[in-house]
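Undergrad: After the sequence you'll find the predicted model.
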Amino acid sequence: MKNLFKSTIVVLALLVNTVSFAQDKKANNIDDSKIGLQGYSPVSYLDLGLAQRGAKQFKSTHNKIAYYFTSEDQKKTFDSNPQKYMPQYGGFCAFGVYAGAKFRVDPTKFVVNNGKYYLFLNDVEVDAKQLWISEKESKLLATANKNWNGLKTK
């Protein structure tokens with residue numbers, strides 16, 4: 001398992017240098033639309049453990065980023081404490097941050113743990129969520145948190 005893990009880190013390092021979806025100079029994983037989480041509801045991730053697309057009619061803006069929800073109740077829940085519902089690492093791939101890079105995510109690949117949710121890259125070569133789950137999360141988080149402090153303004 002350790003060799004697979006190390007091999008995956010090498011693959012991620014190669015992706016950092018060659019893949020166009022690596023992000024720079026953004027603290028949040030958004031495109032020009034300024035829609036957070038690719039339209040998925042942050043309340044659904046954290047409160048329901050589900051990846052659910054929100055609807056435009058249930059929209060809130062927090063820090064100039066729009067978030068969509070599945071209902072007016074979800075919107076109200078978010079509005080009462082938006083910081084609670086922010087994705088970790090600005091919505092970038094948690095395993096990528098651990099490896100020292102920012103990657104777009106597949107919004108259906110996530111893990112909820114200790115009142116926080118983490119999103120993950122999923123492509124042909126790397127299923128970052130499975131790698132995260134297979135390792136000791138406290139070790140991954142310590143490194144990712146340290147890396148994030150330097151990555152969020154790069």
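TA: It's in. Numbering: from 1, shown residues only.
Undergrad: separation between the residue lying closest to Y89 once chain neighbours are set aside and G115?
TA: Excluding the flanking residues, the one nearest Y89 by C-beta to C-beta, 6 or more residues apart in numbering is V97, at 4.6 Å. To be clear about C-beta, it is placed using only N, CA and C from the backbone, and glycine gets the same treatment. Counting by C-beta to C-beta, to the nearest Å, the gap from V97 to G115 is 18 Å.
Undergrad: Surely K56 is within a helix?
TA: No - according to DSSP: H, G, I helix; E, B strand; the rest coil, K56 belongs to no helix; its state is strand.
Undergrad: any idea how far K75 is from it?
TA: As judged by C-beta to C-beta, K56 and K75 stand 11 Å apart.
Undergrad: These two - which one has more neighbours?
TA: With neighbours defined as other C-beta atoms under 10 Å, K56 and K75 compare such that K75 has more, 21 against 10.
Undergrad: element containing that one, please.
TA: K75 is part of helix 72-80 when elements are defined by DSSP states H and E.
Undergrad: That helix packs against which elements?
TA: If contacts are counted by 3 or more C-beta pairs under 8 Å, 6 or more residues apart in numbering; DSSP states H and E, helix 72-80 sits against helix 42-43, strand 55-62, strand 65-69.
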